[in-house]
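Undergrad: What follows is a predicted protein model with its sequence.
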Amino acid sequence: MIIPERLTGYSVFRNGTERLGTSNVELPNLEALTDTVSGAGIAGEVDSPTIGHYGSMRTTLNFRTIDVPMLKLSAPKSQALDFRGAQQVYDSAASEYRIVPVRVSIRGIPVTTTMGSFETNSDTGSSIEIECTYLMVMVDGVKQIEIDKYNYIAFIDGVDHLAAYRKSLAL
């Protein structure tokens, strides 16, 4: 049995090669768009999700100081970021630890730049918030999630849940 334990380290890259120095990252949430369904044959209400459609997906990068990589991300244009991590797992069958790579890729537009504050002998609390239009998650080299809002893709666990939509809409 594989027991996931922790993320032991990660790095952030802009446009695939430019390494950024962040102190931490808050990854986006997947929150399905829903509509309330009620009426005959339903005992109450159901918040029914619209398959493959998600609300705002925001990623926040927190920086220790105001620096050039942070300011570059403030440009009002699409930003492509890769978060590449090493996760420690324990393989109980082999009685050993292994490192499993995890990669989260996003594309989006910056919506908030927080400069933070100046205080002697302290970090500035600076951050960038990006509205994600694209999200891909790979674990151990296998794509697990791909959400591409502009291209009508909602791939999760081996199934593209918007394939029938694209076909129906001739996309």
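TA: Alright, I've got the coordinates.
Undergrad: hang on, A164 in a helix?
TA: Yes - under DSSP: H, G, I helix; E, B strand; the rest coil, A164 sits within a helix.
Undergrad: so how far is L73 from it?
TA: 36 Å (CB to CB, to the nearest Å). In short, each C-beta sits where N, CA and C put it, glycine included.
Undergrad: Tell me which of these two has more neighbours.
TA: The neighbour comparison of A164 against L73 (other CB atoms under 10 Å) goes to L73, with 22 against 11.
Undergrad: Identify the residue nearest that one in space, chain neighbours excluded?
TA: Once flanking residues are discounted, L73 sits nearest to I128: 4.7 Å by CB to CB, 6 or more residues apart in numbering.
Undergrad: list the contacts for the one you found?
TA: T60, L61, F63, M70, L73, S74, P110, T112, T113, T114 (CB atoms under 8 Å, 6 or more residues apart in numbering).
Undergrad: most remote residue from the protein's center?
TA: What lies farthest from the middle of the chain is A40; by CA atoms, centre = their mean that is 39.0 Å.
Undergrad: one step back: and the residue nearest to L73, that one's in a helix?
TA: No - under three-state DSSP, I128 sits outside any helix and is assigned strand.
Undergrad: any idea which helix or strand carries the residue farthest from the centre of the chain?
TA: Under DSSP states H and E, no helix or strand contains A40.
Undergrad: List the buried residues for the longest strand anywhere in the chain?
TA: Criterion DSSP state E: the longest strand present in the chain is strand 96-114. Neighbour-count burial for strand 96-114 flags V102, R103, V104, S105, I106, R107, G108, P110, T113, T114 (criterion: 16 or more other CB atoms under 10 Å).
Undergrad: Can you tell me which helices and strands it packs against?
TA: If you count contacts as 3 or more CB pairs under 8 Å, 6 or more residues apart in numbering; DSSP states H and E, strand 96-114 packs onto strand 2-14, strand 58-63, strand 79-91, strand 126-139.
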